[in-house]
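> Take this sequence and fold it.
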Amino acid sequence: MTDIDDRLRAATRACTDHVPWHAPTTPAESFAALAAACEDLGIDEWDGYGERGPVARVEQEVAELLGTEAAVFFVSGTMAQQATLRVWCERRGSRRVGIPDLSHLLHHEADGPRRVHGLEFEWLTQGRRTPTAEDLRALGGGLGATLVELPLRDAGCLVPPWEDLAALSAAARELGVPLHVDGARLWEVQPFYDRPLPEIVALADSVYVSFYKGLGGLSGAAVVGDRDVMDELRRWRQRMGGQVYRMTPYAVSALVGLRDRLPRMGEYATWARAFAAELTQRGLTVHPEVPPTNTFEIYAHAPLDEVQERLVAFLERERVQPCGGWRATDVPGVVTTEFATYDAALRHDPAQVAGWVAEIAGAGGS
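Next up, the predicted model:
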């Protein structure tokens, strides 16, 4: 940690209002909210190693919501996706997986898929673009599985056009390759496609969804698909140490997110697009130019140390956090930050927040 990092952390903690992501809470506040949710939701029993109780309730609710035969709850999305690819590859007798080179599995999981499961990755896409049927066909035969990320987060949360996704699904079925969707932010993608969640999920053989990102849960994830595949996933959950004694707190927070935040995904995306337009008017660059989801990247031409200093000064003066931390890019003199819109942002005027961010980035504004 550098001095500026320490100052940013302290200034952020001292803020009384926050715009990006979910408003922070203390452990005590979160646990109290979960206790109240148990009363509201009628939860009066624990799960036992992932059986019964709220875990079974989440699995049933998510399977019905996404239109699949079954769902399996995991405390970790990393575990969920690695186990899913392992199941598909063993069924196909091949460890080859087609995957975007910007996939979360390749950049944020410490090489676990290869070291733990022996998966062999081949690039479905390279760089900041979404996959097509032609990309899949170019990998040739013999794949154990292929993965697409909706949205592709490390590319700025890009989302493929519906026609491209449907064609990719058709190509996968033609080739006999299981298609797995990394849907960590699938909830946020649905308003962009403006199609029912089951219609989106039906394009894939398995789909992973997260409960702690857009839905704001403590942690946790689920994979949905055919029942026989989900039964295999349960065995892998146990083998990988994921069948912990109590998963109830995570499951309750997932139920709360499904109840309270899922219906608002369209509002989040609408606010994000209005905010992006305001930023553009103030001379900043956003990517994607018109965000398909509630999350996008902001770029500015400015030295990183100056932007961070202005950010600290703003936080200390206003006690409001209008954006997250900034980082340098591969382009000298250009810095970026990611912005994710949820309940906290909806309490603010997009134009006012854009003015704050422009001030911090050194692009003017009010």
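> And stretch 114-126, end to end?
19 Å (CA to CA, to the nearest Å).
> for it, the distance to its chain's centre please.
Counting by CA atoms, centre = their mean, to the nearest Å, stretch 114-126 is centred 20 Å from the centre of its parent chain.
> Tell me which residues of that stretch come out buried.
Arg114, His117, Leu119, Phe121, Trp123, Leu124, Thr125 (16 or more other CB atoms under 10 Å). Every C-beta, even on glycine, is put in place using the N, C-alpha and C of the backbone.
> do the same with stretch 316-328
In stretch 316-328, counting by 16+ other CB under 10 Å, buried: Val320, Gln321, Pro322, Cys323, Gly324, Gly325, Trp326.
> Residues in contact with that stretch: which ones?
Contact with stretch 316-328 is made by 8, 11-12, 14-21, 298, 300, 304, 307-308, 311, 314-315, 334-339, 353, 356-357, 360-361, as judged by CB atoms under 8 Å, 6 or more residues apart in numbering.
> what does stretch 56-63 give?
43, 47, 69-73, 209, 211, 222, 224, 251, 254-255, 258.
> Next secondary structure after the helix or strand that contains Gly98?
Per DSSP states H and E: Gly98 is located in strand 96-100. Downstream of strand 96-100, the first helix or strand assigned by DSSP H and E is helix 104-107.
> and which of the buried residues of stretch 316-328 is nearest to Leu34?
Nearest to Leu34, judged by CB to CB, of those is Gln321 at 24.6 Å.
> Look up the pLDDT of that closest one for me, please.
At Gln321, the model reports a pLDDT of 98.
> ok, now how distant is Ala277 from Pro100?
28 Å (CB to CB, to the nearest Å).
> again with Gln352
36 Å.
> what about these two, which has more around it?
Pro100 (28 against 15; other CB atoms under 10 Å).
> How many residues are close by the closest residue to Pro303 other than its chain neighbours?
Setting aside the residues directly before and after it, Pro303 is nearest to Gly333 in space (CB to CB, 6 or more residues apart in numbering), at 6.9 Å. Counted with other CB under 10 Å, residues neighbouring Gly333 total 11.
> Isn't Gly333 up against Leu304?
No - applying CB atoms under 8 Å as the test, Gly333 and Leu304 come out as separate, 9.1 Å apart.
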